[in-house]
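> pasting the sequence and the predicted model now:
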Amino acid sequence: MADTIQDKKKLLNRVRRIRGQVTAIEKALEREEDCSAILQTLAACRGALNGLMAQLLEDQIRNHVLDRKPSTDSVESAEKLISIVKSYFK
């Protein structure tokens, strides 16, 4: 996780937005709001979590899977893997 220090503020802002979404879901359930609105907020929350996970996985691949002096083949393979990971979480 030390490699993400440069993106720490961005990652923390994402987590705070997710926390806000979860809090909104909790309050909506307490107020017995319309299910469709709650489901929409849940979907947004899931998307935000998936985005955070994709970002962390991408950082992991770039910082720990690739060699310090990666070859062209390993960079291409890593880019393909990152693309697959991102498409999976959409």
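Right, received. Where do you want to start? Predicted model, so just to flag it, every value in this text is computed and none were measured.

> not counting the strand or helix carrying residue 13 itself, show me its contacts.
Residue 13 belongs to helix 8-30 when elements are defined using DSSP states H and E. Applying Cβ atoms under 8 Å, 6 or more residues apart in numbering, the external contacts of helix 8-30 come out as 4, 37-38, 41-42, 44-45, 48-49, 51-52, 55-56. To be clear about C-beta, it is placed using only N, CA and C from the backbone, and glycine gets the same treatment.

> find the nearest non-adjacent residue to the residue nearest the centre of the chain, please.
Centrality entry for the chain: nearest residue to the mean C-alpha point is residue 52, 1.4 Å, by Cα atoms, centre = their mean. Of all residues not flanking residue 52 in the chain, residue 14 sits nearest, at 5.1 Å (Cβ to Cβ, 6 or more residues apart in numbering).

> residue ranges with poor pLDDT in the protein?
Scanning the chain for pLDDT under 70 picks out the ranges 1-6, 67-68.
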